[in-house]
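Enquirer: Model the following, please.
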Amino acid sequence: MKRTTLLAVALLALASPALAGGPTIVEPDPVPTVMPEPAATTDWSGLYAGLSYGRSSGDLDFDPAPAQSLDSGNATALYLGYLWQRNNLVYGGELAYTRLKDNFVTGFTCCEVDRSIDLKGRVGMAANRVLFYGVLGYSMSSYDEGSGNWDPSGLSYGLGVDFRATQRLNIGLEYLARDLNGDNPNGSGQEVNIDLDTVSLRVGLSF
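Expert: Here you go, the predicted structure:
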């Protein structure tokens with residue numbers, strides 16, 4: 001009898017803390033938060049090449065002589081360049097060869113600007129798939145006056161925008177102004193100043 005009583009007292013003592021505390025509530029583990037992946041940004045760095053087609057215009061000033069206009073013509077170009085990128089800043093260089101057609105001195109079918117080589121420095125800001133940039137460089141063009149060719153040269157500058165249409169395909173628009181000058185090699189003592197502008201649609205590939 002005593003053993004039964006002692007056993008009952010012991011069981012009651014063991015059960016008392018659990019009864020006093022009530023049922024134990026198990027907190028569920030927190031659901032892990034899934035962080036969204038950052039949006040992909042376009043990398044403009046690397047080698048690129050392409051073609052452009054546009055319109056050209058300008059004027060020509062022989063000194064001493066009255067200034068004359070250049071007829072509007074076509075401009076077809078090949079270009080090759082390389083860009084570096086640091087955050088949103090994009091910079092690099094480009095070499096372009098432009099073939100000009102129908103850029104005659106107005107009223108003279110013997111005299112025209114027929115080609116240009118342009119070495120450009122490019123600096124711009126990237127907004128993901130769009131690149132806005134400025135151009136500053138050096139250009140050398142060819143002036144053909146029938147009896148011979150000569151090559152006025154000088155500063156070039158402009159503005160442009162490129163759009164990354166696919167992973168490698170770029171489509172852009174560029175305005176380039178050339179401020180060219182040189183001496184007539186025919187011994188006349190004339191100096192010529194040529195303002196030659198082109199607006200071109202560009203299509204290229206990044207590598």
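
Enquirer: Please give me every residue in contact with residue 101.
Expert: 73-76, 114 (C-beta atoms under 8 Å, 6 or more residues apart in numbering). All C-beta atoms are positioned from the backbone trio N, CA, C, and that covers glycine.

Enquirer: ok, 6 Å please
Expert: Applying C-beta atoms under 6 Å, 6 or more residues apart in numbering, we find residue 101 in contact with 73-74.

Enquirer: swap in the one 10 residues further on?
Expert: Taking C-beta under 6 Å, 6+ apart as the definition of contact, the neighbours of residue 111 are 105, 145.

Enquirer: gap between it and residue 135?
Expert: The spacing between residue 111 and residue 135, counted by C-beta to C-beta, to the nearest Å, is 28 Å.

Enquirer: Show me what the top strand by length along the chain is packed against.
Expert: As assigned by DSSP state E, the longest strand anywhere in the chain is strand 67-86. Judged by 3 or more C-beta pairs under 6 Å, 6 or more residues apart in numbering; DSSP states H and E, strand 67-86 is in contact with strand 46-63, strand 89-101.

Enquirer: Out of the ones you listed, which gets nearest to residue 197?
Expert: For those, the distance to residue 197 is smallest for strand 46-63, at 5.5 Å, taking C-beta to C-beta.

Enquirer: So what touches the closest one?
Expert: Contacts of strand 46-63 (C-beta under 6 Å, 6+ apart): 67-70, 72-73, 75-77, 79-82, 100, 103, 105, 190-204, 206-207.

Enquirer: 7 Å instead?
Expert: With C-beta atoms under 7 Å, 6 or more residues apart in numbering as the test, strand 46-63 has contacts from 67-70, 72-83, 100, 103, 105, 170, 190-207.

Enquirer: Quick check: residue 53 vs residue 196, distance?
Expert: When C-beta to C-beta is the yardstick, residue 53 and residue 196 sit 16 Å from each other.

Enquirer: Mind checking which of the two has more residues around it?
Expert: Set residue 53 next to residue 196 and count neighbours by other C-beta atoms under 10 Å: residue 196 wins out with 27 against 12.

Enquirer: The chain: helices as residue ranges?
Expert: Listed in chain order, the helices of the chain (DSSP state H) span 2-21.

Enquirer: Give me the residue at the spatial middle of the protein.
Expert: For the chain, the residue nearest the mean C-alpha position is residue 131 (4.2 Å; C-alpha atoms, centre = their mean).
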